[in-house]
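Undergrad: Need coordinates for the below:
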Amino acid sequence: MRTVSSGIFSTQVGNIIGAALGGLCLALSGVTGSLITCAALSFAAAALSALLRLEKDRTCPAMDNRHMQGLFKGILEIFRKPPLALAAFALLLAYASAHASNALLAGFARFELKLSSDLYGWVAAMYSGGGLIGSVALACFSNAVRERVLIAAGTAFLAAATGGFSTAQTISEAVLWQGLIGLSFMMIRAGSDVMVLKVVVNQMVGRVRSNIDAAVGLTAISIYLLPSLIPDVRIRLIYLGLAGLFACGSGAIVWAQWTSATAEQKRLSRSRSGSSLP
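TA: Numbering: from 1, shown residues only. Take a look at the predicted model:
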């Protein structure tokens, strides 16, 4: 748990700096200058990644790539283990929230809150701000929180915070709710990542994560299509609809966890009863 939360902490720091600087860059250099800066930094990151990959390929032996076989093994692994399937589903909800922020937040800030681009950058940064605070807290109290609790509480919190964000009327309210959404994302991400590492054997982690990432990509496509599919619906109402969707998903996760825990308790009770017989 401490390792996962520390990794999330590093990511959130980068997201906060990037979002804040992005809003300021828009205000100072306009859309064209901002896109040029973004493209230059993206090419630099790609070049650095390629150099690091080449260095790794020189030191690591080549591996047999059986992509389709690994794909199906990863899918079977997810559906064969209910806790893993719940963690994957929770991650889909969390990343749906993250992609909704990418797709809808700019329009929400512009048309619902009447904010300028530099102020929008601070609202966007608070998504990672909430995650940053949560990752620090989780790293400090990693032994006190179970991953099942994080997944259940995080999805419920995500639904509530998204619903609250849909009611925001000022930048202060938007910043608060956006931070809470980011905090709930961090809870789900940390709990699900820990669940994957605990339940899946090391050789299967990459295959499981690649399938989850593929499902996240499909979810992202659906989220990005929403404004085009329902162009006459206010962005505020789309957020409210997503909150309802997250609430249904959270209810399903809590119910599945409760059913699993009840069945496990009954099994243990029968086992103890059987062992006590002469």
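Undergrad: Only C-alpha atoms from now on, for both contacts and neighbour counts.
TA: Fine.
Undergrad: how about stretch 233-249 as PDB, C-alpha atoms only?
TA: Taking C-alpha atoms only, stretch 233-249 is exported to PDB below (Å, rounded to 0.1, in the frame of the first residue of the first chain):
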ATOM      1  CA  VAL A 233     -27.900  18.800 -22.500                       C
ATOM      2  CA  ARG A 234     -26.200  21.100 -20.100                       C
ATOM      3  CA  ILE A 235     -22.800  20.000 -18.800                       C
ATOM      4  CA  ARG A 236     -24.100  20.400 -15.300                       C
ATOM      5  CA  LEU A 237     -26.700  17.700 -16.000                       C
ATOM      6  CA  ILE A 238     -24.100  15.400 -17.600                       C
ATOM      7  CA  TYR A 239     -22.100  15.500 -14.400                       C
ATOM      8  CA  LEU A 240     -25.200  14.800 -12.400                       C
ATOM      9  CA  GLY A 241     -26.000  11.800 -14.700                       C
ATOM     10  CA  LEU A 242     -22.400  10.500 -14.200                       C
ATOM     11  CA  ALA A 243     -22.900  10.800 -10.400                       C
ATOM     12  CA  GLY A 244     -25.900   8.600 -10.600                       C
ATOM     13  CA  LEU A 245     -24.000   6.100 -12.700                       C
ATOM     14  CA  PHE A 246     -21.100   6.100 -10.200                       C
ATOM     15  CA  ALA A 247     -23.700   5.600  -7.400                       C
ATOM     16  CA  CYS A 248     -25.100   2.500  -9.100                       C
ATOM     17  CA  GLY A 249     -21.600   1.200  -9.600                       C
END
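Undergrad: If you count neighbours, what's buried in that stretch?
TA: Of the residues in stretch 233-249, I235, R236, I238, Y239, L240, G241, L242, A243, G244, F246, A247, G249 count as buried by neighbour count, 16 or more other C-alpha atoms under 10 Å.
Undergrad: which ones among the residues you listed are found in helices?
TA: Those of the buried residues of stretch 233-249 mapping onto helices are I235, R236, I238, Y239, L240, G241, L242, A243, G244, F246, A247, G249, per DSSP state H.
Undergrad: what's the distance between the first one and L242?
TA: Yep, that's I235 we're talking about. For I235, the distance to L242 equals 11 Å [C-alpha to C-alpha, to the nearest Å].
Undergrad: Look up the closest residue to Y224, ignoring the ones flanking it.
TA: Nearest residue to Y224, sequence neighbours excluded (C-alpha to C-alpha, 6 or more residues apart in numbering): A103, at 5.8 Å.
Undergrad: wait, doesn't that neighbour sit right on A220?
TA: No: look at A103 against A220 with C-alpha atoms under 8 Å: they stay out of range, at 9.3 Å.
Undergrad: Show me which of the two is the more surrounded one.
TA: A220 (20 against 17; other C-alpha atoms under 10 Å).
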